[in-house]
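Novice: sharing a model prediction with you, sequence too.
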Amino acid sequence: MVRIVRATQAEIDEAVTALRDGDLVAFPTETVYGLGANAQNPAAVQKIFEAKGRPTTHPVIVHLDSPKYLHRWVREVPDAAQALGERFWPGPLTLVLPRNPNVHDIVTGGQDTIAVRVPAHPMAQQLLTAFGGGIAAPSANRYGRISPTRAEHVRDELGDAVRIVLDGGESQVGLESTIVALDGAGVRLLRPGAVTLAQLRQVVGDVQVGVPSPAPRVPGSAPVHYAPATPMTIVPADEIDTRAEDASEGGRRIAVLAQRLPLKTYPSVTWINAGRRADAYAHDLYANLRTLDKAGCEQILVQEVPGDDKWDAIRDRLLRGAAANEVEGADASVSGALGPMP
């Protein structure tokens, strides 16, 4: 059972003051911890990008305490967006909609769309209601790295860049929100999350999948993302033991994230059994990857997860995290071919 914590009034007052002063506040949501700034203060939002090392072309999600404030940020709300909001808000769903002209470019990445969400975590709701406005907030971690699901993850990564970290316990979902774009072309799933494709289709019927070109740039859409510092490789389920044994030959330290226990003991292998339930696996995924990342291993091997839609969001995060290894390998090959780089 996940412990959901509410903040004291003093903590909320201090966080609201920080936001109004243009400083950053990290706060829990049911998905992951967010790095928040006053969404109407461009200089404050700029601090998010500086703290994360995030490109300013990447939009941020504006968090609201209620859908009734959508009109302050969104130019129009299609019927499908209304239906999705009524079904899934507050909750782990982000809608990408036409922006209001008054929304600053730094929030939208210079696009004509804005990403909005109404989070369900009670501490996030406390903060948003007390603040009385939109809070721009991507995940509270360095850009491209593992998202934080505990307050200590935020402190470890961002340190003094954040004026206040509200501690709401572990994130209940553990993966970033589902992102859906709605425009004249219909409804399109841009990033999988806890709200599944099947659930979306139950509400609005046809939902397209994938990112067309051109398409709105949205958080978490980079090919390389959610990555540990340790190189990570996805391994077919029936090969995980063999690969772990082979990789650890000679005493090499190897980390494994699997859905079961190992068939035997491998002396230099750190093995985490994450189980076979998608919701529990998702809840623990980033904490498990952080644990393995700190284990002093040369490589993380991840057992390939099942192919059904309950695992779509998990599969997406693992594939993007593993892509960092492929890109770094390619960069190393190119650098070697070209000789020393200036």
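Specialist: Received the coordinates, thanks.
Novice: secondary structure class for the residue most central in space within the chain?
Specialist: When CA atoms, centre = their mean is applied to the chain, the residue found nearest the centroid is E176 (3.6 Å). Following DSSP: H, G, I helix; E, B strand; the rest coil, the label given to E176 is coil.
Novice: go ahead and confirm it touches T149.
Specialist: No: with contact defined as CB atoms under 8 Å, E176 does not reach T149; the gap is 10.4 Å. (Each C-beta comes from the backbone N, C-alpha and C, glycine too.)
Novice: shared neighbours of those two, anything?
Specialist: With contacts taken as CB atoms under 8 Å, 6 or more residues apart in numbering, E176 and T149 have V32 as neighbours in common.
Novice: neighbours of A136, just the number please.
Specialist: Counted with other CB atoms under 10 Å, the neighbours of A136 add up to 28.
Novice: ok, the one 4 residues further on next?
Specialist: A140 is surrounded by 30 other residues when neighbours are defined as other CB under 10 Å.
Novice: in a helix, that's where E152 is, yeah?
Specialist: Yes: remark: E152 belongs to a helix, assigned using three-state DSSP.
Novice: confidence score at it?
Specialist: On the pLDDT scale, E152 is placed at 95.
Novice: run a quick neighbour tally on it.
Specialist: Residues contacting E152 under the criterion other CB under 10 Å number 12.
Novice: for A51, same thing?
Specialist: A51 has 22 neighbours, counted by other CB under 10 Å.
Novice: work out the gap between stretch 284-303 and the centre of the chain.
Specialist: 17 Å (CA atoms, centre = their mean, to the nearest Å).
Novice: should've said stretch 170-187
Specialist: 10 Å.
Novice: tell me the average confidence for that stretch?
Specialist: Mean per-residue pLDDT for stretch 170-187: 92.
Novice: list the buried residues of it.
Specialist: By neighbour count on 16 or more other CB atoms under 10 Å, the buried set for stretch 170-187 is 170-183, 187.
Novice: just to check, E76 is in contact with R99?
Specialist: No: counting by CB under 8 Å, E76 stays clear of R99, with 10.1 Å between them.
Novice: comparing the two, which residue is more hemmed in?
Specialist: The neighbour comparison of E76 against R99 (other CB under 10 Å) goes to R99, with 22 against 12.
Novice: the residue nearest to the centre of the chain and E50, how far apart?
Specialist: Counting by CB to CB, to the nearest Å, the gap from E176 to E50 is 21 Å.
Novice: show me where pLDDT drops low in the stretch 201-342 of the chain?
Specialist: Flagging of the stretch 201-342 of the chain using pLDDT under 70 yields the residue ranges 212-217, 220-223, 326-342.
Novice: apply 90 and report the result again.
Specialist: Scanning the stretch 201-342 of the chain with the threshold set as pLDDT under 90 gives 210-227, 323-342.
Novice: can you pull the contacts of the residue nearest to the centre of the chain?
Specialist: Applying CB under 8 Å, 6+ apart to E176 gives the contacts T31, V32, S139, S147, R191, G193, P219, G220, A313, R317.
Novice: check L95 too.
Specialist: L95 makes contact with A81, L84, G85, A115, V116, R117, I179, V180, A181, L182 under the criterion CB under 8 Å, 6+ apart.
Novice: make TSV from the contacts of E176 and add distance to D105 to it.
Specialist: TSV is the format used below for the contacts of E176 (distance: CB to CB, whole Å):
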residue	distance to D105
T31	25
V32	25
S139	21
S147	25
R191	22
G193	26
P219	16
G220	20
A313	29
R317	28
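Novice: quick one: which of these is most hemmed in?
Specialist: Most surrounded of these: other CB under 10 Å gives S139, at 31 neighbours.
Novice: any idea of the pLDDT on that residue?
Specialist: You'll see S139 listed with a pLDDT of 96.
Novice: with A7 instead?
Specialist: 86.
Novice: is it located within a helix, as I assumed?
Specialist: No: read with three-state DSSP, A7 is coil and lies in no helix.
Novice: torsion angles phi and psi at the residue lying closest to it once chain neighbours are set aside?
Specialist: Nearest non-adjacent residue to A7, counting by CB to CB, 6 or more residues apart in numbering: M123, 5.1 Å away. The phi/psi pair for M123 (degrees, to the nearest 10) reads phi -70, psi -40.
Novice: how about M123, what does it touch?
Specialist: M123 neighbours (CB under 8 Å, 6+ apart): V5, R6, A7, F27, P28, L166, G168.
Novice: could you redo the last one with a cut-off of 6 Å?
Specialist: Contacts for M123 (CB atoms under 6 Å, 6 or more residues apart in numbering) come out as R6, A7, P28, L166, G168.
Novice: restricted to strands, list the contacts of L95.
Specialist: If you go by DSSP state E, the contacts of L95 have A115, V116, R117, I179, V180, A181, L182 in strands.
Novice: is it possible to get JSON lines of those residues that adds distance to V211?
Specialist: As requested, the ones in strands among the contacts of L95 are exported to JSON lines (distance: CB to CB, whole Å):
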{"residue": "A115", "distance to V211": "14"}
{"residue": "V116", "distance to V211": "19"}
{"residue": "R117", "distance to V211": "19"}
{"residue": "I179", "distance to V211": "10"}
{"residue": "V180", "distance to V211": "12"}
{"residue": "A181", "distance to V211": "9"}
{"residue": "L182", "distance to V211": "15"}
